[in-house]
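*Asks:* Sharing a sequence plus its predicted fold:
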Amino acid sequence: MEYRGFSRRVSSRLLVELAPSCPAPPLYATQGATPVARSTGAAAAAAVPPPPELNPYTPLGDTHDAWRQPVAAPGQVAPGVRLLRMRDNMVGVIHTRAFKQTLIRLSPCEEITLASVGESRGFTATVEAIKAGGAAQAKARGIPLNEAELSTIVAGSDTSLHIRTRSGRLYAFQVFAETLDYDKVSDLSVIVEHDAACQAEAVVTSAAAPGDFVRRIPFDAAKMRFDAYRAFGADPSVAWLAPDHLAFDGLWLFIDYGRRADQIAKPIALNVVEGVPSPAQQEWIGPDSAMLVVKSPADTVMLQSGGTWLCVRRVTPDGPPPPLSVFAIDPALGKP
């Protein structure tokens with residue numbers, strides 16, 4: 001009998017004679033069960049069996065068929081890519097799956113100092129920048145400071161995830177480890193944007209940058225309202241066109257795309273009056289022309305980029321409460 005790595009070579013005849021009715025243990029328990037139990041104390045921890053050895057040559061039959069013809073799941077901007085627009089006192093939702101790794105990416109100005117999960121035996125949160133020994137070592141090795149990796153070995157379970165950053169901000173997530181036959185694509189990449197993240201940096205950049213932003217676009221910050229308008233799309237596929245922020249000073253509508261401005265096909269703004277769109281008086285301003293200003297906006301402004309469009313509507317005081325994020329889905333927009 002010869003050992004080579006984790007494999008033991010024996011003849012098929014000897015294997016039949018020694019264990020004619022003992023099949024190899026499955027890698028996972030029956031669908032819907034979790035191979036790792038919840039943490040309920042020392043007794044429960046002692047009862048958890050060690051994970052079985054994995055034979056790389058044995059088909060597992062656990063491929064994720066939703067990826068054969070991938071379609072973006074609800075809340076995803078592309079198959080497997082979820083965009084979470086978060087703010088303080090908000091919890092984001094992540095859908096993961098065994099055999100997969102989910103990459104969580106915060107705003108570029110954030111530096112993750114801690115990532116912790118509620119169930120540490122079934123779920124693992126890793127920050128490569130911390131493992132590298134700190135920010136200086138991570139930068140030297142080209143490791144981003146704003147990324148964390150999440151993986152799981154359970155199915156049909158859930159946990160919490162908390163990420164803290166050097167800015168003092170706390171990001172909270174509810175994580176669902178979906179069953180192995182999950183009929184939707186899981187989240188492989190989660191892009192997290194926060195209303196307050198990087199704002200101080202943007203203000204400094206704007207003040208230091210020369211140009212016409214201050215000279216030609218005067219505004220009173222005290223009059224700015226960030227809940228006067230909201231963006232609505234017919235389905236998640238148009239979420240890429242949604243701005244990072246919407247602000248209204250009573251006269252002009254400020255549509256801010258932030259750092260994404262040079263990565264998208266910039267839209268034009270159309271005022272929609274009685275259902276008829278017409279070109280609005282507009283101008284791109286600021287560093288890298290990241291902000292679209294619509295002067296004298298109508299109650300409904302349509303943003304159009306090629307064949308993609310979404311509506312920016314004024315939120316009336318007596319209307320329904322505005323959505324939690326700048327962008328919301330309104331399926332009625334896609335109906336004739």
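*Replies:* The structure has been received and is ready for your questions.

*Asks:* going forward, measure contacts and count neighbours with C-alpha atoms only.
*Replies:* OK.

*Asks:* so where do the helices sit in this structure?
*Replies:* 12-18, 42-47, 128-131, 135-140, 199-208, 213-216 (DSSP state H).

*Asks:* Nearest residue to residue 71 in space, ignoring adjacent ones along the chain?
*Replies:* residue 79 (5.4 Å; C-alpha to C-alpha, 6 or more residues apart in numbering).

*Asks:* dump the residue contacts of that neighbour.
*Replies:* By C-alpha atoms under 8 Å, 6 or more residues apart in numbering, the residues touching residue 79 are 70, 71, 72, 73, 185.

*Asks:* What about the third one, how many residues nearby?
*Replies:* It refers to residue 72. Using other C-alpha atoms under 10 Å, residue 72 has 18 other residues around it.

*Asks:* same question, the first one
*Replies:* Other residues lying near residue 70 total 13 when counted by other C-alpha under 10 Å.

*Asks:* Surely it touches residue 187?
*Replies:* No. The pair residue 70 / residue 187 is not scored as a contact, 11.9 Å apart, by C-alpha atoms under 8 Å.

*Asks:* Okay, now the unreliable bits of the stretch 201-336 of the chain?
*Replies:* 201-222, 318-324, 335-336 (pLDDT under 70).

*Asks:* how about 50 then?
*Replies:* For the stretch 201-336 of the chain, applying pLDDT under 50 flags the ranges 201-216.

*Asks:* now the strands: where do they sit in it?
*Replies:* With strands called from DSSP state E, counting those that start in this stretch, the stretch 201-336 of the chain shows them at 229-233, 245-248, 252-256, 268-273, 276-279, 281-285, 291-295, 300-305, 308-314, 327-329.

*Asks:* In a markdown table: these, plus mean neighbour count.
*Replies:* A markdown table is the format used below for the strands of the stretch 201-336 of the chain (neighbours: other C-alpha atoms under 10 Å):
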| stretch | mean neighbour count |
| --- | --- |
| strand 229-233 | 24 |
| strand 245-248 | 22 |
| strand 252-256 | 22 |
| strand 268-273 | 20 |
| strand 276-279 | 12 |
| strand 281-285 | 17 |
| strand 291-295 | 21 |
| strand 300-305 | 20 |
| strand 308-314 | 21 |
| strand 327-329 | 21 |
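
*Asks:* how about those, which one is nearest residue 87?
*Replies:* strand 245-248 (11.9 Å; C-alpha to C-alpha).

*Asks:* now the closest residue to residue 127 other than its chain neighbours, which residues is it bridged with?
*Replies:* Nearest residue to residue 127 in three dimensions, chain neighbours excluded: residue 148, at 4.7 Å (C-alpha to C-alpha, 6+ apart). Beta-bridge partners of residue 148, counted by DSSP bridges, are residue 104.
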